[in-house]
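S.K.: Return atomic coordinates for the entry below.
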Amino acid sequence: MILPVAASPHTARPEKSGPLWEAAQALEASFLARMLSSAGLGAAPEGFGGGIGEEQFSSLLRDEQARAMAGSGGVGLAESIFKSLVARASNA
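M.R.: All right, here's what the predicted structure looks like:
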């Protein structure tokens, strides 16, 4: 059985706001957009024939969907990146 470790009252938890959190979320959104693209989300069906405009706008939709996913918790990548950035900033 693993017991949770109590947080020390002297351990400051960084707030999830500001430029570090925004950068972490932007990186996760970028990662998610690439994953959605690789999964075929937004790919035009062959019979639809929307042309180059359809490809451009589908990428915008995919990027916005990835931002929404990252903003609502995503896959946890932003959290890991944020913790790493905070640790790096406190060591500098």
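S.K.: chain center to stretch 17-34: distance?
M.R.: Relative to the chain's own centre, stretch 17-34 is displaced by 5 Å; criterion: CA atoms, centre = their mean, to the nearest Å.
S.K.: Just the pLDDT for the residue sitting nearest the centre point of the chain.
M.R.: The centre of the chain sits closest to E28, judged by CA atoms, centre = their mean, with a distance of 2.2 Å. pLDDT, E28: 96.
S.K.: In this model L77 seems to touch it, though I could be wrong.
M.R.: Yes: between E28 and L77 a contact is recorded at 4.2 Å, counting by CB atoms under 8 Å. For every residue, glycine as well, the C-beta is placed using N, CA and C.
S.K.: shared neighbours, those two?
M.R.: A70 (CB atoms under 8 Å, 6 or more residues apart in numbering).
S.K.: got the buried residues for the least confident helix or strand in the chain by mean pLDDT?
M.R.: Least confident helix or strand, the chain: helix 51-71 with a mean of 86, by mean pLDDT, DSSP states H and E. Going by neighbour count (16 or more other CB atoms under 10 Å), the buried part of helix 51-71 is 58, 62-63, 65-67, 69-70.
S.K.: same question, stretch 15-26
M.R.: Neighbour-count burial for stretch 15-26 flags 20-21, 24-25 (criterion: 16+ other CB under 10 Å).
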